[in-house]
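Visitor: Test case, fold it:
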Amino acid sequence: MGLKNLSSIKNFFETDYMLEPIFFVYYLLFIYTSYLIKLDGSRNNILLNSQNNNITISYKLMNIQSAENCKEFSETICQLPENEESKFWRWFSGIIDGDGCFDIRLDPVNNKKVLKQIRIKLHNRDIRILTRIQNYLHIGRIRADKNKPYSIYIVSTEENMRYILGNINGQIRLKVPSYKEACTLYKIKFYEAQYAIALYDPYFSGLVDTKGSIMLNYAGNRIECNLEFQSNKYTSMLNFDNTVLESKPRIVKREKLSNSGNRRGQKLTFISFKFQNVNNMLFLYDYFMHNRLYCDMKFYRVTKIKSFIEIRKYKNSPEDSVEQKIYWNFLIDWFKYDNPLWYKEPCIRDKAKILRVKR
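Guide: Here you go, the predicted model:
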């Protein structure tokens, strides 16, 4: 494909993102000509320079539109695709805010505070999250708890902890006090994060991987995504109104007794963010296809959203009809995956009682 055919490239590449074809063009030009791509001072042209050629290609030729002038797409969708490294660190920041810990202790030798470890503790069912982190970063170790079904990812060397602190700066929203103190210990300037989580930001998937749930609401005949935290000034500032396309969560605060740690038995206030509208389901599916979950059970449930949308109308079909059997086979599959206590789910238990009475 020669440079003279460049104007036809825009008709050749079609993707789900408005700006992805631009990067395909850049890539092909680079491979084909081995040119160094630079933007000129006017920002109206791309200069392709080599030993033999000096070619100027107008932005108009490549049919580039700015997010401000684009009429064919929603302004919120017109974003530059993130590279994999940026996506990882945003997701990782959500994991840290969910189940991470900056272990700061007083050193008995010099009587000064030190960052002992950075840890992430998860149930063994979710160990894939920890192995993904370790395989991506090539640092840290994973230790299994001998007495409980949990595993811990641990980073303890100063060099590696400094590396992590630097890469998540500006992304930590919930573990702010301990993270900020860790930055101070390493003389790293702390950057505050934006609490309005942007569209398709992977940070949200990191939180769902650790503190979220993908659940089927049988009474409402819908699949929901919920996040719950202890209410404080940081969790109360979280804003997911524009994170999932066309979806805004319902925010609920309630009091309940703590069942863990030193606060066991105390009445605490919790805040929940609930994506529980029927119309949210397809947009949740779309978000998690862009930012997949690494908790296997949650991701499996996300992948079932589209098929559930197709069969949810069968819920009230006549008893013993083919449609009713299709619906209940879906429910059994949903609850059974990676859940040894699936048969104790209320709707499954009630259905079993009805069948026993009929027999």
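
Visitor: isn't there a strand covering Lys233?
Guide: No: assigned with DSSP: H, G, I helix; E, B strand; the rest coil, Lys233 falls outside any strand and is coil.

Visitor: now the helices for the stretch 151-300 of the chain?
Guide: For the stretch 151-300 of the chain, the helices defined by DSSP state H, counting those that start in this stretch occupy 158-167, 176-185, 203-211, 281-290, 296-303.

Visitor: angle of the last one against helix 281-290?
Guide: Angular relation of helix 296-303 and helix 281-290 on a 0 to 180 degree scale: 130 degrees, by axes from the mean of the first three to the mean of the last three C-alpha atoms, to 10 degrees.

Visitor: looking only at pLDDT, what's the mean for helix 296-303?
Guide: Taken as a whole, helix 296-303 has a mean pLDDT of 96.

Visitor: Then stretch 120-133?
Guide: For stretch 120-133, the mean per-residue pLDDT is 97.

Visitor: residues in contact with that stretch?
Guide: Residues outside stretch 120-133 that contact it (C-beta atoms under 8 Å, 6 or more residues apart in numbering) are 92, 95-96, 99-101, 140, 142, 144, 149-153, 209-210, 294-297, 338. Any C-beta I mention is one placed from the backbone N, CA and C, and that applies to glycine too.

Visitor: Give me whichever of the helices of the stretch 151-300 of the chain is most buried.
Guide: Of all these, helix 203-211 has the most neighbours on average by mean count of other C-beta atoms under 10 Å, namely a mean of 25.

Visitor: Which parts of the stretch 251-359 of the chain are strands?
Guide: 267-275 (DSSP state E, counting those that start in this stretch).

Visitor: Give the closest residue to the spatially most central residue of the chain in space, chain neighbours not counted.
Guide: Closest to where the C-alpha atoms of the chain average out (C-alpha atoms, centre = their mean) is Ser205, at 1.7 Å. Leaving aside its sequence neighbours, Ser205 sits nearest to Asn291 (C-beta to C-beta, 6 or more residues apart in numbering; 4.0 Å).

Visitor: What residues sit buried inside stretch 86-106?
Guide: By 16 or more other C-beta atoms under 10 Å, the buried positions in stretch 86-106 come out as 87-102, 104.

Visitor: With just CA atoms, put it into CSV.
Guide: Provided in CSV are the C-alpha atoms of stretch 86-106 (Å, rounded to 0.1, in the frame of the first residue of the first chain):
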residue,chain,number,x,y,z
SER,A,86,-1.5,2.8,31.9
LYS,A,87,-4.5,0.4,32.1
PHE,A,88,-2.6,-1.9,34.4
TRP,A,89,-1.6,0.8,36.9
ARG,A,90,-5.2,2.2,37.0
TRP,A,91,-6.6,-1.3,37.6
PHE,A,92,-3.8,-2.0,40.2
SER,A,93,-4.7,1.2,42.0
GLY,A,94,-8.3,-0.1,42.3
ILE,A,95,-6.9,-3.4,43.7
ILE,A,96,-4.8,-1.5,46.3
ASP,A,97,-7.7,0.7,47.3
GLY,A,98,-9.9,-2.4,47.7
ASP,A,99,-7.7,-4.9,49.6
GLY,A,100,-4.2,-3.4,49.7
CYS,A,101,-2.2,-2.3,52.6
PHE,A,102,0.8,0.1,53.2
ASP,A,103,2.3,-1.5,56.3
ILE,A,104,4.0,1.4,58.1
ARG,A,105,5.7,0.6,61.4
LEU,A,106,8.0,2.1,64.0
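
Visitor: which residues sit against it?
Guide: With contact meaning C-beta under 8 Å, 6+ apart, stretch 86-106 is reached by 82, 112-122, 129, 133, 136, 167-168, 171-175, 178-179, 181-182, 185, 201-211, 291.

Visitor: Work out the gap between that stretch and the centre of the chain.
Guide: Mean-position distance between stretch 86-106 and its chain equals 13 Å (C-alpha atoms, centre = their mean, to the nearest Å).

Visitor: same question, stretch 279-286
Guide: From the chain centre to the centre of stretch 279-286 is a distance of 14 Å (C-alpha atoms, centre = their mean).

Visitor: What segments of the stretch 101-250 of the chain are strands?
Guide: Ranges of strands within the stretch 101-250 of the chain are 112-123, 141-144, 150-155, 212-217, 222-230, 250-257, based on DSSP E, counting those that start in this stretch.

Visitor: List the buried residues for the first one?
Guide: Taking 16+ other C-beta under 10 Å as the basis for neighbour counts, the residues of strand 112-123 that come out buried are Leu115, Lys116, Gln117, Ile118, Arg119, Ile120, Lys121, Leu122.

Visitor: which one of these sits closest to Arg301?
Guide: Among the buried residues of strand 112-123, Leu122 lies closest to Arg301 (C-beta to C-beta), at 17.6 Å.

Visitor: beta partners for that closest one?
Guide: Beta-bridge pairing for Leu122 (DSSP bridges): Ser151.

Visitor: Relative to Trp89, how far out is it?
Guide: From Leu122 over to Trp89 the distance is 18 Å, taken as C-beta to C-beta, to the nearest Å.

Visitor: again, but for Ile168
Guide: 6 Å.

Visitor: One more: Lys187?
Guide: 21 Å.

Visitor: can you check Lys325 too?
Guide: 46 Å.

Visitor: Then Thr210?
Guide: 16 Å.

Visitor: How far off centre is stretch 147-167?
Guide: Here stretch 147-167 is found 20 Å from its chain centre; the criterion is C-alpha atoms, centre = their mean.
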